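In: Kindly generate the corresponding structure for this input.
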Amino acid sequence: MKEERMNEQTEQAPVTEQELSEILKIRREKLAAYVAEGNSPYLQTKYDRDAYSVDIKANYEAYEGKTVRIAGRLLSRRIMGKASFTGVQDGKGQIQVYVRRDDVGETEYADFKKWDIGDIAGFEGYVFKTKTEEISIHATKIVLLSKSLRPLPEKFHGLKDQDTRYRQRYVDLIVNPAVKDTFVKRSQIIKEIRKFLDEEGFLEVETPILHTIAGGAAARPFITHHNTLDMEMYLRIALELHLKRLVVGGIDKVYELGRTFRNEGMDPRHNPEFTMLELYQAYTDYHGMMDITERLIRTVAKNVLGDTKVNYCGTELDFGKPFTRISMLDAVKEYAGVDFNELTLEQAKEEAKKRGIEFENHHTKGDLLNLFFEEYVEDKLIQPTFLTGHPVEISPLSKRMKETPEYTERFELFIVGREHANAFSELNDPIDQRERFENQARLKALGDEEANDVDNDFLCALEYGLPPTGGLGIGVDRLVMLLTNEASIRDVMLFPTMKPIE
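Out: Presented below is the predicted three-dimensional model:
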């Protein structure tokens with residue numbers, strides 16, 4: 001029978017739909033029999049375990065011969081008459097358990113042989129090594145703690161369909177140990193980010209997710225409706241504007257790690273909801289933000305991975321070396337062979353037409369410079385590179401450069417051809433900020449769904465005085481991708497956004 005083959009975990013072809021239906025029926029019949037006998041596994045309320053597989057294996061000398069209690073999921077089983085071996089996966093790893101009829105009892109052993117792969121059970125017994133030197137537990141007591149009514153993917157075929165893996169992450173975690181390792185590392189990365197910033201004197205805060213105005217970034221928002229207030233509200237597209245209000249209020253170093261939402265496309269680098277780190281520090285500028293970004297990423301990599309050199313999809317990245325710094329003007333001149341300092345707006349448009357770069361009639365010279373960067377430069381920036389000097393047209397919240405006010409004190413951090421951080425010397429001139437907001441509003445009226453509204457309350461805050469401030473935003477999910485060698489953002493999110501199956 002297919003169910004028996006699966007319980008033995010031999011290499012067989014995947015189950016058919018008909019076989020799956022039969023397995024589901026059999027498992028429910030087994031459960032009904034347990035319940036009828038008054039032995040429903042769901043009546044178990046707790047199990048006092050005192051050891052984990054990993055600890056036992058790592059400290060065998062200390063555990064040898066001692067009685068332990070473990071609990072976990074059955075992943076394999078070999079029945080050999082009056083004795084059996086079963087592989088048990090607990091919260092930290094896997095260990096083999098030896099179950100013999102004469103030790104656990106005839107009735108208990110008969111019940112054990114009816115258990116299925118995927119069932120959750122508790123085992124009490126002493127630690128020993130088999131003849132093949134495998135560290136194991138010799139069970140003296142066993143108990144079924146939960147019944148698995150669905151079969152796990154088979155050992156040799158596993159759960160490989162990407163769509164199913166994302167939809168059924170709970171199964172993915174059970175059968176693919178590397179997946180769990182990724183999310184353990186994700187948690188460690190976030191912990192190290194917090195530790196780094198806390199030690200730097202930053203205060204962690206929480207700000208609203210529901211906004212009355214969409215602002216802080218160029219992005220299309222999600223819109224919802226508040227029934228009591230009878231008004232539209234937006235899921236935040238950035239953390240920025242509320243955090244800068246706090247700097248106005250006198251919190252000189254502030255950060256937030258929070259969920260952010262953008263109603264945009266989905267691809268290996270984008271999910272509609274994602275985790276952002278934003279931090280703001282009074283009395284510094286974008287150069288100070290470059291320094292802290294470089295130190296943060298280097299420290300997190302070292303503490304989580306033990307090394308500042310990272311292999312990402314076949315490319316070795318070195319976070320131990322100083323990050324490259326280059327302006328957008330110089331980058332376009334180097335990679336595209338075009339010096340925008342020498343071009344008028346009309347000449348820039350002609351050059352764009354000649355090279356097949358599409359643009360809108362309202363686009364300025366700064367917009368065109370950015371389009372050239374995206375076409376010729378972006379995917380060339382492999383090692384960590386700070387791109388600076390963005391045009392003011394695409395940087396509505398950044399302070400202008402003193403010598404060249406058409407450009408801003410801003411940087412983006414590019415690694416493997418992708419943006420991983422964005423930072424400014426924050427604009428603290430309320431008059432200039434209002435003009436930029438109003439320009440954004442005009443763009444929105446022209447149909448730009450990513451343009452911002454005028455945030456009058458934020459302008460009011462600026463009028464009380466925002467000190468010179470450096471601000472930084474880092475996409476946490478993309479950083480986790482880098483440090484765990486994952487090519488898709490969905491592989492570092494436990495439950496990525498998916499279209500429901502009808």
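In: wait, Pro268 sits on Val492?
Out: No. At 10.8 Å, Pro268 does not count as touching Val492 under the criterion of Cβ atoms under 8 Å. Heads up, the C-betas are built off the backbone N, CA and C, glycines and all.
In: These two: who's more crowded?
Out: Using other Cβ atoms under 10 Å as the criterion, Pro268 and Val492 rank with Val492 on top: 25 against 13.
In: which stretches of this structure have low pLDDT?
Out: 1-15, 155-160 (pLDDT under 70).
In: Alpha carbons of the strand or helix carrying Leu246, as PDB, please.
Out: Element membership of Leu246 [criterion: DSSP states H and E] is helix 240-248. This file holds the C-alpha atoms of helix 240-248, laid out as PDB (Å, rounded to 0.1, in the frame of the first residue of the first chain):
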ATOM      1  CA  GLU A 240       9.900  58.700   7.000                       C
ATOM      2  CA  LEU A 241       7.600  61.600   7.700                       C
ATOM      3  CA  HIS A 242       6.500  60.500  11.200                       C
ATOM      4  CA  LEU A 243      10.100  59.700  12.200                       C
ATOM      5  CA  LYS A 244      11.300  63.200  11.200                       C
ATOM      6  CA  ARG A 245       8.500  64.700  13.200                       C
ATOM      7  CA  LEU A 246      10.100  63.000  16.200                       C
ATOM      8  CA  VAL A 247      13.500  64.600  15.400                       C
ATOM      9  CA  VAL A 248      11.700  67.900  15.400                       C
END
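In: Contacts for the helix ranked longest in the chain, please.
Out: Counting residues, the longest helix in the chain under DSSP state H turns out to be helix 177-199. Applying Cβ atoms under 8 Å, 6 or more residues apart in numbering, the contact partners of helix 177-199 are 165, 169, 172-173, 204, 255, 257, 275, 277, 279, 295-296, 299-300, 303-304, 476, 479-480, 483-484, 486, 491-492, 494.
In: who does His138 bridge with?
Out: With DSSP bridges as the criterion, His138 is bridged to Tyr98, Tyr126.
In: Apart from its neighbours in sequence, what residue is nearest Gly465?
Out: Sequence neighbours aside, Val248 is the residue nearest to Gly465 in space, at 6.8 Å (criterion: Cβ to Cβ, 6 or more residues apart in numbering).
In: what's the burial count for that neighbour?
Out: 19.
In: The one 5 residues further on too?
Out: Here the neighbour count serves as a burial measure; for Lys253 (other Cβ under 10 Å) it reads 16.
In: ok, so what distance separates it from Phe424?
Out: 16 Å (Cβ to Cβ, to the nearest Å).
In: circling back: could you check the longest helix of the chain and say which residues are buried?
Out: Val179, Thr182, Phe183, Lys185, Arg186, Gln188, Ile189, Ile190, Glu192, Ile193, Phe196, Leu197 (16 or more other Cβ atoms under 10 Å).
In: Would you format these as CSV with distance to Asp448 included?
Out: Converted to CSV, the buried residues of helix 177-199 look like this (distance: Cβ to Cβ, whole Å):
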residue, distance to Asp448
Val179, 39
Thr182, 37
Phe183, 37
Lys185, 38
Arg186, 34
Gln188, 40
Ile189, 35
Ile190, 34
Glu192, 38
Ile193, 33
Phe196, 37
Leu197, 34
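In: Let me know the closest of those to Asn370.
Out: Among the buried residues of helix 177-199, Ile193 lies closest to Asn370 (Cβ to Cβ), at 29.0 Å.
In: Report the secondary structure state of Leu387.
Out: strand (DSSP: H, G, I helix; E, B strand; the rest coil).
In: helix or strand for the closest residue to it other than its chain neighbours, which one?
Out: Counting by Cβ to Cβ, 6+ apart, Leu387 lies nearest to Glu412, which is 4.8 Å off, once chain neighbours are set aside. Assigned by DSSP H and E, Glu412 belongs to strand 410-415.
In: packing partners for that strand?
Out: helix 286-305, strand 385-388, strand 418-425 (3 or more Cβ pairs under 8 Å, 6 or more residues apart in numbering; DSSP states H and E).
In: Isn't the residue nearest to Leu387 up against Phe424?
Out: No. Look at Glu412 against Phe424 with Cβ under 8 Å: they stay out of range, at 10.3 Å.
In: of those two, who's got more company?
Out: Higher neighbour count among Glu412 and Phe424: Phe424, with 24 against 20, using other Cβ under 10 Å.
In: and the gap between that one and Arg28?
Out: Phe424 is 60 Å from Arg28, where distance means Cβ to Cβ.
In: The longest helix of the chain versus helix 286-305: what angle between them?
Out: 140 degrees (axes from the mean of the first three to the mean of the last three Cα atoms, to 10 degrees).
In: What's the first helix or strand after helix 177-199?
Out: Counting by DSSP H and E, what follows helix 177-199 is strand 203-204.
In: which strands and helices sit next to the helix or strand just after that next one?
Out: Sequence order places strand 210-211 as the next helix or strand after strand 203-204, per DSSP H and E. Where contact means 3+ Cβ pairs under 8 Å, 6+ apart, strand 210-211 is packed against strand 231-235.
In: buried set for the strand it packs on?
Out: Buried residues in strand 231-235 (16+ other Cβ under 10 Å): Met233, Tyr234, Leu235.
In: could you dump these to CSV with distance to Leu152?
Out: Supplementary listing: these in CSV, determined by distance: Cβ to Cβ, whole Å:
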residue, distance to Leu152
Met233, 43
Tyr234, 42
Leu235, 36
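In: before we move on, the earlier item: put the buried members of the contacts of helix 177-199 into a ChimeraX selection.
Out: Selection of buried members from the contacts of helix 177-199 for ChimeraX, criterion 16+ other Cβ under 10 Å:
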select :165,169,172,173,255,257,275,277,279,296,299,300,304,476,479,480,483,484,486,491,492
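In: The contacts of helix 177-199 in strands, which ones?
Out: Counting by DSSP state E, the contacts of helix 177-199 place Glu204, Tyr255, Leu257, Thr275, Leu277, Leu279 in strands.
In: and of the residues you listed, the nearest to Gly38?
Out: Thr275 (47.5 Å).
In: okay but the closest one is in contact with Ile474, surely?
Out: No. Using Cβ under 8 Å as the test, Thr275 is too far from Ile474 to be in contact (9.5 Å).
In: In the lengthiest strand in the chain, which residues are buried?
Out: In the chain, taking DSSP E as the definition, the longest strand is strand 67-80. Of the residues in strand 67-80, Val68, Ile70, Ala71, Gly72, Arg73, Leu74, Leu75, Ser76, Arg77, Ile79 count as buried by neighbour count, 16+ other Cβ under 10 Å.
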